[in-house]
Each structure stands twice: as structure tokens, then as C-alpha cells.
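[1] Need a 3D model of the sequence below.
(one chain, ligands or ions: 1)
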Amino acid sequence: MKRFNEKVVLVTGAASGMGRACALRFAQEGARVVAMDVNRDGLEETVRKMTNPGRYMTASVTDEDAVKEVFKSIAHTEGKLDAVAHMAGILRSSVTSSTSVEEFMVPITVNLLGTFLINREAIPLLIKTKGSIVNAASTSSFFGHPYMAAYAASKGGVAAMTSTLAWEYMKTGIRINAVAPGGIATNMIKENPLEHLGTDVDYTLMEHLKRMDLPYGNPEDVAGVVAMLASEDGAFINGEIIRIDGGNHS
Ligand SMILES: NC(=O)c1ccc[n+]([C@@H]2O[C@H](COP(=O)([O-])OP(=O)(O)OC[C@H]3O[C@@H](n4cnc5c(N)ncnc54)[C@H](O)[C@@H]3O)[C@@H](O)[C@H]2O)c1
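    Residues are numbered from 1 along each chain as shown. Presented below is the predicted three-dimensional model:
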């Protein structure tokens, strides 16, 4: 399938996990991909693996000026923008009663403010091409995930922002959707074992989350859905948040 021939796609969080899988999938389908992340080494590897020419920009989604610069650069260099897969995100888990304001604000800033900045700057360019945004929500947007209060709040915000922006910009012809993955085997999961929370954690609370008999999904499982949402195949899908968890929250 070459649904993205002649299309320009920005992928955030493209140095790892689902962002990388999305970048590779869009390139495979013919897109010129601009890969964005804070991790330069990871970005270089992603661009090396892409089967269509693309480039990367090292920038944080929380840095307002840097985000503006990314979109300015795309307008200048590629001349247009057709889709954004906004996958950049961060997970922090902690026992809520001992979580500081600073700790609480980390996922809120990266996941929620980052989504606001990327969407705000993307919208004017996407209106010109009647393009599309796919944000990264989470099963924690809708279902309780103990010890992830800040993360879940940030992802609930991403889901709410997605629905709101879809409606707000509906008449412009752009579409804004999100994926809500749960349990995808990426660095995020590997780097945040709940075991580091120590003895204050009641692990039996997590049984319903883990459903250990179900395997984790792969980043490619998410990339396929993101590509569908961003393509003409998703032309009548707007303001939707698609759960991708193998049925773990059904
Ligand atoms: N893995 C899961 O089970 C899961 C479940 C639900 C939702 N998600 C969400 O999916 C998205 C992708 O996660 P993943 O599992 O691929 O994780 P990952 O850690 O493999 O990739 C996340 C990427 O985001 C980048 N990033 C972090 N902060 C950034 C910033 N400020 N600016 C730019 N880039 C930044 C990281 O460098 C990394 O490359 C995230 O938004 C995550 O919250 C993941």
C-alpha cells in the first residue's frame, strides 16, 4: 500500500517504540517523514531504517519555541504538511500520597502541554491540505491505572483535547483522532517496572490491568491503526479514540 505517496508526515516520539514504528510505516507507504524527538541517536537510527527519504529534527514537544521552529522548518523545506502522528510521551509511576507537585507535573507537561503545542502549531498547516492528526492517548485515559495518577490525568486530557479539537475544527476539513494503546512492548514499559515503587505498592491491584495471560502488543500493531486514521481510509473518522489493547479492557 502506498497511501502516503507525495505526502509529508510529522512523527513525534520517533526515536523509539510506537513513534519509530509509525515513522517506518509512513515511509513504507510512500511518505516523506519528518521525525522529531529529544533523542538524537534514536532519531538517526529511525531515519536510517526508513525505506523512503526523510529527515529528523531534535526538539522537545514541551519547548514552545522549538515546536514552532519545527513547523516553520516543515513549511519552508517540505512546503506542506499532510499528517501528524504525535506519539511523544513519558510515563512516570508513583504512590500518589508521596508524589510531589514537581513529579506530578512531569507527565502533565510532556504529555498534555506537549499535545497542546504540537496540535496548536500543526492545525494551521493541516487546514491547507485538509490533513489529519493522530494523538497518543492511552487505556489510562478511560480506565483506572493505580500508581499512575499524573500519567492517567495527562492521557485523559489528551483524549478530551482530541475530541474537543476535532469538533472545534470540524468545518475546516481536518480530522483529529487518537489511539489509546494499552500494554505495548516498548522502552516505556521496560524502563518503568512497577517494582521500583517498593513495598508501598499493592500488586494485587494491578491484576486486572495485567491480565497476564494476554501478551503485550507490538508497536507495529499501533502504527497500522495510526496510518489508517491518517490516511484516506479514515476519511470519515473524526474525534475518535481507538483502544488498541488486544481486548485487555473489554
Ligand atoms: N507502551 C505502552 O504500553 C503505551 C500505552 C499507552 C500509551 N502509550 C503512549 O504511546 C506513546 C508512545 O510510547 P512508547 O511506548 O512508544 O514509548 P517510548 O518510550 O518507546 O517512546 C516515546 C518517545 O517519546 C520521546 N519523548 C519523550 N519526551 C519527549 C519530549 N519532551 N519531546 C519529544 N520527544 C519526547 C522519547 O525520547 C521516546 O523516543 C506515548 O505517548 C505513550 O504515553 C504507550
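
[2] which residues does the residue most central in space within the chain contact?
    Nearest residue to the geometric centre of the chain (CA atoms, centre = their mean): Met87, 2.0 Å. Neighbouring residues of Met87 by CB atoms under 8 Å, 6 or more residues apart in numbering: Val11, Thr12, Gly13, Ala14, Gly17, Met18, Gly19, Cys22, Ala136, Val226. In short, each C-beta sits where N, CA and C put it, glycine included.

[3] For the protein, which segments count as strands?
    Along the chain, the stretches classed as strands by DSSP state E are 8-12, 32-37, 55-58, 83-86, 132-136, 175-181, 241-244.

[4] Could you name the stretch from the ones you listed that's closest to Met105?
    strand 132-136 (18.8 Å; CB to CB).

[5] Give me the distance between the closest one and the centre of its chain.
    How far strand 132-136 lies from its chain's middle: 7 Å, per CA atoms, centre = their mean, to the nearest Å.

[6] Identify the residues contacting it?
    Counting by CB under 8 Å, 6+ apart, 13, 18, 82-89, 111, 115, 118-119, 122-123, 126, 158, 161-162, 165, 174-179, 181, 226, 229-230, 234 sit against strand 132-136.

[7] Tell me the spacing between the residue nearest to the centre of the chain and Ala35.
    10 Å (CB to CB, to the nearest Å).

[8] Overlap of the contact sets of these two?
    Shared contacts of Met87 and Ala35, counting by CB under 8 Å, 6+ apart, come down to Val11, Ala14, Gly19.

[9] where does the closest residue to Ser98 other than its chain neighbours sit relative to the ligand, distance-wise?
    Setting aside the residues directly before and after it, Ser98 is nearest to Asp200 in space (CB to CB, 6 or more residues apart in numbering), at 7.5 Å. Counting by CB to the nearest ligand atom, to the nearest Å, the separation of Asp200 from the ligand is 23 Å.

[10] Please apply the same query to Asn135.
    For Asn135 relative to the ligand (CB to the nearest ligand atom), the value is 8 Å.

[11] what does Arg3 give?
    Distance from Arg3 to the ligand, by CB to the nearest ligand atom: 22 Å.

[12] mind checking pLDDT for that residue?
    If you check Arg3, the pLDDT there is 98.

[13] Just send the contacts of Met87 back as TSV, with distance to Arg3 too.
    Listed next are the contacts of Met87 as TSV, based on distance: CB to CB, whole Å:
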residue	distance to Arg3
Val11	15
Thr12	20
Gly13	21
Ala14	19
Gly17	22
Met18	19
Gly19	19
Cys22	13
Ala136	20
Val226	12
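
[14] Show me which of those is closest to Ala185.
    Nearest to Ala185 among those, counting by CB to CB, is Gly17 at 8.6 Å.

[15] show me the contacts for the residue lying closest to Ser140 once chain neighbours are set aside.
    Excluding the flanking residues, the one nearest Ser140 by CB to CB, 6+ apart is Ala152, at 3.9 Å. Counting by CB under 8 Å, 6+ apart, Ala152 makes contact with Ser138, Ser140, Ser141, Gly144, His145.

[16] Please check those residues and keep the buried ones.
    Ser138, Ser140, Ser141, His145 (16 or more other CB atoms under 10 Å).

[17] biggest separation within those residues, which pair?
    Every pair of the buried ones among the contacts of Ala152 checked by CB to CB; the farthest is Ser141 and His145, at 9.6 Å.

[18] quick one: contacts for the nearest residue to Glu191 once chain neighbours are set aside?
    Among residues not flanking Glu191 along the chain, Leu91 sits closest, at 8.0 Å (CB to CB, 6+ apart). Leu91 makes contact with Pro107, Met148, Tyr151, Met188, Ile189, Glu191, Asn192, according to CB under 8 Å, 6+ apart.
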